[in-house]
Each structure stands twice: as C-alpha cells, then as structure tokens.
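S.K.: Sharing a sequence plus its predicted fold:
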Amino acid sequence: MATQQFLGGVIAMASAPDVRSPRCYVILNPAAGSYPGKINEILQQQWKSADGTFAFHESTGPEDVTATARDAAERGYEIVVAGGGDGTVAAVANGLVGTSATLGILPLGTANVVAQELGIPLNLEGACALLTGPHSVARIDGMEVQGRHHFSRVGIGLDALVIHEAKPQVKRRIGWVAYSWAAIKGLVGFQPRHFHIFVDGDVTHARASEVAAVNCGTMGRKPFRWGPGIRPDDGNINICIFRARNLIDFLVLGWQLALGRPQTNRNVSYLVARHIIVVVSDSPLLVQADGETIGRTPFELKVFPCDIPVIVRPEGIPPPPF
C-alpha cells in the first residue's frame, strides 16, 4: 500500500521500492477559475486505489510552471498533469515538448477549451477517472509564437481585448459572466482594423474585427464554435476572419455561431495554414494565446503538427459537431 507524505504545498505518494519510475506528476494552479478549496483531499480520494506513484504539486504565483513540468519529465514521470485552465495546460505542455512524457488535463479553469475539444470530462472526478482508468493517447498540433507553444487559439482583435479585460479575480468570482461583461465593454467604440495575413507565402488583406489562428473549434461555451471541421489533430491551423463592423453584424454573427453555421455569414471567411502564419495590423493590437495576453501585433506563428501526446477518452478525440 502506498504511503502519503505531506511536504508543504506538495503531496507525494511513495510506492513500493521495486517501482523504479514514478508514474504521474500533477501540477495544480490555485489561481484557476474553478479551483476547489479542498482539491488535495479530492485528489487523494480519487487516486487512493490507483496503481503507481503520484505526486501533487501546487504552484505559486511567480513559479515557472513550464520549468516545473520539464523537471518532472526529466525525472522520469510518464504522465505530467496540468490542473488548471488553458493557460496552465499550455505552460505544462511547453515543458513536455520534446520529452517522452504524456500530458494529462484536470480542467479547473473558466473556459477549459482544450479539455472540451478533446472530450475530457469537465468534472474533477471524471477527469481523474480518465487519467487512472482506460484511456487513449492522441497527438495534438501546436502553434509556436515567440518560442512558446500554444494549443487552443491565438487571437487578435475583440477576442484579445476580452481576454485582457477579464481579470483573473473576477473570473474566479463570477466565471463566464466575466467574459460576457468584458465583451460588452469591448464593443463600445470598437472599430475593425486593417490586417495583412500571410499564410504559407500567400497574402490576404482584410478589414476585420477578429483574426484568430485556431487549433480547437470550441469557442469556450457550447454550442459556439469557430467553424466547421476544425480539429486539433489534423496537422493544420485554421485562420478565422470575422469582418463584423457594427452591433447588427455582431448580433447576426452571434446567432449563426449559436446555430452552428458561422460559415454561412457573409462577414466570415477561413484560411488553412500548414507551415507559417504572419499577421500584421495597421496599428499594434493585443494578441492573446490560450487565454493569456502574450504581446501585440505583428507576430509570426509556426505550425507544429502532432506536437504533443495527451490523454483522451478510450475512443480518441470526438469528431466536431459540424
């Protein structure tokens, strides 16, 4: 029987001496939007009968989570789990790129876009059961910007403005309402900008309210999706261009997104990238990636097919709904 050891913010389970390699290292982000106060007790209960060795680490604010994840992989942990939102998933996954470790996800954030896209249960008990029970391993694509890999989307325009305005403390208190309120404030006085979008050597010029390089079709809340047929494991990155210019355009677009038909909107167009994306705007605009502000335009994005292995349902990644 494994014995439990409590060392400050780290909870470790030491297995029998004949187990040479630890199995699972869980990195928890206490600042995540839906982080439960007694998560340590919940995780202990979920994993008390699981085979193998588990270690639980609660991150601190200034900590380099990517370095923590890479250290765990280099110490032989076969599965390194990101317990948090999409930003935590990206930070942990960056530490695993190029290693033999597999990414696991405990969705504790506000949106949990990557978890939704991969069909990972959004409740803690179900996500734990997936990690400790039957599952498959899929390789998902990545997007590299400024030396960092991202796995959900890189957005410029209204999307980035909303992410920037939705403060962590507000998201933790009121959840998705924080994004809705930020979107309403962002629309006041918002004007489309001129973009030059270079995709694998070809250029597209657009006056748009949003340009997003998308790896996951999920927008963050069902039934809204960026467009049809977008998958995180197809080796491509989709570029979504939304040209909505006024309140009526946004209302119509929102309605068609809810119906699952954004591609029928005359103000929506799509491009597909397999190698490199460069986005230039007429003035510097905020850029967000995986729910975190990462800088301003211009930027270059490189496509990394099959970038990282991640634990998913036994049936694999579910097909997109449209």
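M.R.: Structure's in. What do you need?
S.K.: which stretches of the stretch 51-200 of the chain form strands?
M.R.: 54-58, 79-84, 102-107, 136-145, 148-150, 153-157, 193-199 (DSSP state E, counting those that start in this stretch).
S.K.: quick one: which of those is nearest Glu210?
M.R.: Smallest distance to Glu210 across those (CB to CB): 3.9 Å, for strand 153-157. (C-beta placed from N, C-alpha, C; glycine too.)
S.K.: pLDDT averaged over that closest one - what is it?
M.R.: Regarding strand 153-157, the rounded mean pLDDT is 91.
S.K.: Now do that strand: everything it contacts.
M.R.: Residues outside strand 153-157 that contact it (CB atoms under 8 Å, 6 or more residues apart in numbering): 113, 143, 145, 159, 163, 192-193, 195, 208-216, 226, 242, 279, 281, 285-290, 294, 297, 299, 301.
S.K.: got the angle between it and strand 193-199?
M.R.: Per axes from the mean of the first three to the mean of the last three CA atoms, to 10 degrees, the angle that strand 153-157 makes with strand 193-199 is 150 degrees.
S.K.: Neighbouring strands of strand 153-157 in the sheet, and parallel or not?
M.R.: Counting by DSSP bridges, the strands paired with strand 153-157 are strand 210-214 (antiparallel), strand 286-289 (antiparallel).
S.K.: Can you verify my assumption that Ala72 contacts Tyr25?
M.R.: Yes: taking contacts as CB atoms under 8 Å, Ala72 lies within contact range of Tyr25: 4.0 Å.
S.K.: anything in contact with each of these two?
M.R.: Common neighbours of Ala72 and Tyr25, using CB under 8 Å, 6+ apart, are 55, 80.
S.K.: which residues touch Gly95?
M.R.: Counting by CB under 8 Å, 6+ apart, Gly95 touches 65-73, 80.
S.K.: The closest residue to it other than its chain neighbours: what's it in contact with?
M.R.: Of all residues not flanking Gly95 in the chain, Ala69 sits nearest, at 2.9 Å (CB to CB, 6 or more residues apart in numbering). Ala69 makes contacts with 25, 27, 80, 82, 91-96, as judged by CB under 8 Å, 6+ apart.
S.K.: Columns mean neighbour count, mean pLDDT and distance to His275 on top of the strands paired with strand 153-157, output as TSV?
M.R.: TSV is the format used below for the strands paired with strand 153-157 (neighbours: other CB atoms under 10 Å; pLDDT from 0 to 100; distance: least, CB to CB, whole Å):
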stretch	mean neighbour count	mean pLDDT	distance to His275
strand 210-214	25	94	12
strand 286-289	25	91	18
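S.K.: re earlier: so which of the contacts of Gly95 are in helices?
M.R.: Using DSSP state H, the members of these that fall in helices are 65-73.
S.K.: List only those of these flagged as buried.
M.R.: Among these, those classed as buried by 16 or more other CB atoms under 10 Å are 65-66, 68-70, 72-73.
S.K.: would you turn those residues into TSV with distance to Ile311?
M.R.: Shown next, in TSV, are those (distance: CB to CB, whole Å):
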residue	distance to Ile311
Val65	18
Thr66	19
Thr68	19
Ala69	15
Arg70	18
Ala72	15
Ala73	15
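S.K.: just curious, which of those residues is nearest to Val203?
M.R.: Among those, and counting by CB to CB, the member closest to Val203 is Thr66, at 33.3 Å.
S.K.: who's in contact with the closest one?
M.R.: 91-92, 94-95.
S.K.: Okay, and which of these map to helices?
M.R.: Going by DSSP H, the helices hold 91-92, 94-95 from the contacts of Thr66.
S.K.: now the stretch 151-300 of the chain, which segments are flagged as low pLDDT?
M.R.: Low-confidence segments of the stretch 151-300 of the chain, defined by pLDDT under 70: 164-190.
S.K.: Out of the contacts of Thr66, which is nearest to Ala101?
M.R.: The closest of the contacts of Thr66, once distances to Ala101 are taken by CB to CB, is Gly95, at 8.5 Å.
S.K.: Show the pLDDT at that closest one.
M.R.: For Gly95, pLDDT reads 97.
S.K.: Find the centremost residue of this protein, please.
M.R.: Asp86 (3.4 Å; CA atoms, centre = their mean).
S.K.: That one reaches Glu117, doesn't it?
M.R.: No: assessed by CB under 8 Å, Asp86 is found out of contact with Glu117, at 10.1 Å.
S.K.: which neighbours do those two share?
M.R.: Shared contacts of Asp86 and Glu117 (CB under 8 Å, 6+ apart): Ser152.
S.K.: List the contacts of the residue lying closest to Asp282 once chain neighbours are set aside.
M.R.: Leaving aside its sequence neighbours, Asp282 sits nearest to His194 (CB to CB, 6+ apart; 4.2 Å). Residues near His194 by CB under 8 Å, 6+ apart: 205-207, 281-282.
S.K.: rerun at 7 Å
M.R.: His194 is in contact with 207, 281-282, counting by CB atoms under 7 Å, 6 or more residues apart in numbering.
S.K.: quick check, nearest of the residues you listed to Leu106?
M.R.: For these, the nearest to Leu106 is Ser281 (36.1 Å; CB to CB).
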